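**Student:** predicted structure and sequence below. I'll ask about it afterward.
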Amino acid sequence: MRKRYIKAVKRRIYDYVVANYSRMDGFAMGSGLWNYKCHVNAVQAVKDGRATKVIACIAINESDWKEIIVHFVNQLKGGTYQDNTWGWEYDQYRYYFVKEVGEAEFSEIGLVLESLQKTLVKIHSNLLLRKLFRIKDIV
């Protein structure tokens with residue numbers, strides 16, 4: 001029952017993301033750190049001068065729509081996007097623009113990540129069922 005409910009919530013999140021956010025195109029290969037710290041990697045790229053912006057987005061796996069991830073990428077000077085966490089694996093995902101992260105938010109980038117994750121789950125699920133099935137973050 002829990003797995004079925006999680007799948008239903010993910011379906012709602014997927015439908016919401018595809019309908020409400022713009023798809024991001026124009027990616028260049030970035031560093032492949034593969035460390036599950038996309039938010040930190042993106043901020044570091046801006047601080048090092050390798051990128052101009054940090055972009056919060058939703059990444060959806062091309063071959064498995066149930067793999068929905070709140071993710072952070074960079075935008076380069078020419079407008080090209082770059083994923084400095086997944087490297088060459090960026091082409092296995094579709095990215096949807098959520099927001100540009102301002103420099104004032106860099107020091108609390110972990111909270112930005114957590115807030116986006118919680119918000120997506122909260123607005124697409126039921127409080128009672130989240131508690132019953134012990135669901136905290138599924139994106």
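**Tutor:** Now that the structure is in, tell me what you want to look at.

**Student:** next, count neighbours for the nearest residue to Gly110 once chain neighbours are set aside.
**Tutor:** Distance criterion Cβ to Cβ, 6 or more residues apart in numbering; nearest residue to Gly110, sequence neighbours excluded, is His39 at 6.3 Å. C-betas here are computed from N, CA, C, even on glycine. Look at His39: counted by other Cβ atoms under 10 Å, it has 23 neighbours.

**Student:** and if you look at Met1?
**Tutor:** When neighbours are defined as other Cβ under 10 Å, Met1 has 8 of them.

**Student:** tell me, what's the model's pLDDT at it?
**Tutor:** Note for Met1: predicted pLDDT of 89.

**Student:** quick one: contacts of the longest helix seen in the chain?
**Tutor:** For the chain, the helix reaching the highest residue count under DSSP state H is reported as helix 2-20. Residues from elsewhere that reach helix 2-20 (Cβ atoms under 8 Å, 6 or more residues apart in numbering): 58, 60, 65-66, 68, 96, 120-121, 123-125, 129, 133, 135, 138-139.

**Student:** quickly find the element holding the residue nearest to Gly110.
**Tutor:** Element membership of His39 [criterion: DSSP states H and E] is helix 38-47.

**Student:** how about Ala56?
**Tutor:** Taking DSSP H and E as the criterion, Ala56 maps to strand 53-61.
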